[in-house]
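A.B. asks: Next come a sequence and a model predicted from it.
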Amino acid sequence: MILRRRVFMFAAAAVIFASGALLIVTSRYSQADPPQVSQPTAVEVTPVGIADVTDIVSGVGNVAAMRDVKVASETAGRVLKVHIKVGDAVKQGQTLVEVDAELKEAAAEQARAQMLAAKTNLEKSKKDFERTQMLFNSGDVADIELEGYRLTYQSAEAQYKGAIAALRAADRQVSDSHIKAPVPGLIATRRVEVGEMVGPGMEIVNIVDVSSLKVKLSVAEEDIVKLRVGQTAVLHIDSRPRERFTGKVFTVGAKSESPNGHTYPVEVVVPNTWKDPVKVGMFARVEIQARSAKGVLTIAKESLVEDGAKPAVFVAKDGVARLRPVTLGIRSNNLLQVVNGLARGELVISFGQKALKDGTPIQFRQQ
């Protein structure tokens with residue numbers, strides 16, 4: 001009796017334990033988390049707008065004079081007078097330095113006297129030949145005598161031309177003793193003093209024409225195709241940060257200036273007519289306005305992504321991001337011209353688009 005009761009109690013305990021385990025499992029399944037729903041990505045959007053855009057080609061360089069001329073002596077002698085000092089403004093043809101010309105002037109006088117003697121001899125030979133020609137025509141002289149006078153006349157004519165050339169050379173030597181300015185400008189350097197000896201080819205002064213200034217740039221090959229002579233350029237000079245200097249593209253190089261290619265020389269010219277002129281040698285930053293368009297569709301540069309090798313943007317539509325390929329035109333510093341692919345007012349994602357895919361849910365605020 002006692003054994004039967006113990007078996008019964010054991011069976012009852014087993015049933016209770018199994019029921020409890022079943023309740024626990026059922027409870028756990030009933031309390032399991034529901035399936036997760038992905039949260040929308042936070043982004044910022046900017047509407048497609050209308051604006052003016054300009055394609056800017058930038059570069060740096062040093063300011064140089066429009067003309068930088070080293071004036072050299074063309075004669076030899078001692079310097080007698082120096083009429084200029086560094087910083088002086090000079091006109092074209094103005095005498096800068098005088099060199100001793102005493103011997104040259106004497107040589108010129110001698111050449112002039114020889115020219116006059118040759119001229120007299122020529123006139124006499126001409127008259128003798130003409131008179132002999134008349135006698136020959138009347139049969140009073142032989143042709144051999146006429147030929148002698150003809151040769152004498154031709155010789156006198158040649159001597160006269162030689163004397164003229166010699167006088168011209170002598171006068172040039174005298175003229176070269178007055179060293180003159182070949183161009184207008186400012187005296188940048190002076191190399192001689194009174195009493196010094198100079199010779200042909202020796203530098204006397206350096207003249208810079210600063211009425212206009214030029215800046216030489218090296219432009220990359222992807223930008224050189226955009227440039228044309230006459231395009232507007234703006235100079236920013238570090239030492240004068242509050243001023244802007246406007247000029248024009250003066251030359252566009254047709255050949256690369258670097259050993260490996262890929263960069264081309266460009267010169268920009270700016271008039272130097274300000275009250276405080278710009279100095280030669282200053283460092284300049286140049287912005288050339290290559291192309292421009294007014295009233296066109298634009299997006300911010302940071303909105304752009306790439307779909308393969310093609311430009312594209314994400315457009316916010318119906319709560320999701322849609323990848324849209326676009327055709328671009330002029331690229332300015334901060335704006336891009338949209339030629340095709342977008343309409344005015346569409347919301348383009350300008351922040352947070354790097355991690356997006358086509359169809360990603362988004363929530364946004366408009367800039």
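C.D. replies: Great, that's in hand.

A.B. asks: Report how many residues lie close to residue 83.
C.D. replies: 13 (other C-beta atoms under 10 Å). The C-beta positions use only the backbone N, C-alpha and C, and glycine is treated the same way.

A.B. asks: I misspoke; the intended subject was residue 163.
C.D. replies: 21.

A.B. asks: and it, which of the three is it?
C.D. replies: helix (DSSP: H, G, I helix; E, B strand; the rest coil).

A.B. asks: and if you look at the one 5 residues further on?
C.D. replies: In terms of secondary structure, residue 168 is helix; the call rests on three-state DSSP.

A.B. asks: okay, it: pLDDT?
C.D. replies: For residue 168, the model assigns a pLDDT of 96.

A.B. asks: and it, how far is that from residue 115?
C.D. replies: As judged by C-beta to C-beta, to the nearest Å, residue 168 and residue 115 stand 9 Å apart.

A.B. asks: which of those two has more neighbours?
C.D. replies: Between residue 168 and residue 115, residue 115 has the larger neighbour count (other C-beta under 10 Å), namely 21 against 12.

A.B. asks: Check whether the more buried one really touches residue 166, as I assumed.
C.D. replies: Yes: between residue 115 and residue 166 there is a contact under C-beta atoms under 8 Å: 7.2 Å.

A.B. asks: so which strand or helix has residue 208?
C.D. replies: Using DSSP states H and E, the element containing residue 208 is strand 203-220.

A.B. asks: Check which element follows the strand of greatest length in the chain along the chain.
C.D. replies: For the chain, the strand that runs over the most residues, judged by DSSP state E, is strand 49-72. Using DSSP H and E, the next helix or strand after strand 49-72 towards the C-terminus is strand 77-82.

A.B. asks: Excluding its own residues, what touches the helix or strand following that following strand? List them.
C.D. replies: Note on strand 77-82: by DSSP H and E, the next helix or strand toward the C-terminus is strand 89-90. Residues from elsewhere that reach strand 89-90, judged by C-beta atoms under 8 Å, 6 or more residues apart in numbering: 84, 96, 181, 184-187, 207.

A.B. asks: Mark which of the residues you listed are part of strands, please.
C.D. replies: Reading strands off the contacts of strand 89-90 with DSSP E, I get 96, 185-187, 207.

A.B. asks: coming back round to it: quick one: which of the contacts of strand 89-90 has the most company?
C.D. replies: residue 207 (26 neighbours).

A.B. asks: So the residue lying closest to it once chain neighbours are set aside versus residue 178, what's the distance?
C.D. replies: Nearest residue to residue 207, sequence neighbours excluded (C-beta to C-beta, 6 or more residues apart in numbering): residue 185, at 4.4 Å. Per C-beta to C-beta, residue 185 is found 18 Å from residue 178.

A.B. asks: Residue 312 now?
C.D. replies: Applying C-beta to C-beta, the value for residue 312 to residue 178 is 73 Å.

A.B. asks: Between those two, which is the more surrounded one?
C.D. replies: Neighbour count, other C-beta under 10 Å: between residue 312 and residue 178, residue 312 has more, with 18 against 15.

A.B. asks: Show me how far the helix ranked longest in the chain is from its chain's centre.
C.D. replies: As assigned by DSSP state H, the longest helix anywhere in the chain is helix 102-137. Helix 102-137 sits 60 Å away from the centroid of its parent chain (C-alpha atoms, centre = their mean, to the nearest Å).

A.B. asks: if I look at the closest residue to residue 124 other than its chain neighbours, how far off is residue 150?
C.D. replies: Leaving aside its chain neighbours, residue 124 sits nearest to residue 156 (7.6 Å; criterion: C-beta to C-beta, 6+ apart). Per C-beta to C-beta, residue 156 is found 11 Å from residue 150.

A.B. asks: Looking at these two, which one has more neighbours?
C.D. replies: When residue 156 and residue 150 are compared for neighbours, residue 156 comes out ahead with 20 against 16, by other C-beta under 10 Å.

A.B. asks: check which helix or strand covers that one.
C.D. replies: helix 143-176.

A.B. asks: tell me which residues in that helix are buried?
C.D. replies: By neighbour count on 16 or more other C-beta atoms under 10 Å, the buried set for helix 143-176 is 146, 149-150, 152-153, 156, 159-160, 163, 166-167, 170-171, 173-174, 176.

A.B. asks: so where's this protein uncertain?
C.D. replies: 1-38, 307-308, 365-367 (pLDDT under 70).

A.B. asks: and the gap between residue 191 and residue 98?
C.D. replies: From residue 191 over to residue 98 the distance is 15 Å, taken as C-beta to C-beta.

A.B. asks: Please tell me I have it right and residue 268 contacts residue 246.
C.D. replies: No: contact between residue 268 and residue 246 fails when scored by C-beta under 8 Å: they sit 10.1 Å apart.

A.B. asks: shared neighbours of the two, anything?
C.D. replies: With C-beta under 8 Å, 6+ apart as the test, residue 268 and residue 246 both reach 233, 235.

A.B. asks: who's more crowded, those two?
C.D. replies: The neighbour count for residue 268 versus residue 246, taken as other C-beta under 10 Å, is higher for residue 268 (27 against 10).

A.B. asks: Neighbours of the residue lying closest to the more buried one once chain neighbours are set aside, how many?
C.D. replies: Nearest non-adjacent residue to residue 268, counting by C-beta to C-beta, 6+ apart: residue 233, 4.4 Å away. Other residues near residue 233 come to 26 when the count uses other C-beta under 10 Å.

A.B. asks: got it, and residue 219?
C.D. replies: Using other C-beta under 10 Å, residue 219 has 23 neighbouring residues.

A.B. asks: circling back: just send the ones in strands among the contacts of strand 89-90 back as CSV, with distance to residue 225 too.
C.D. replies: Listed next are the ones in strands among the contacts of strand 89-90 as CSV, based on distance: C-beta to C-beta, whole Å:
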residue, distance to residue 225
96, 45
185, 35
186, 37
187, 41
207, 37
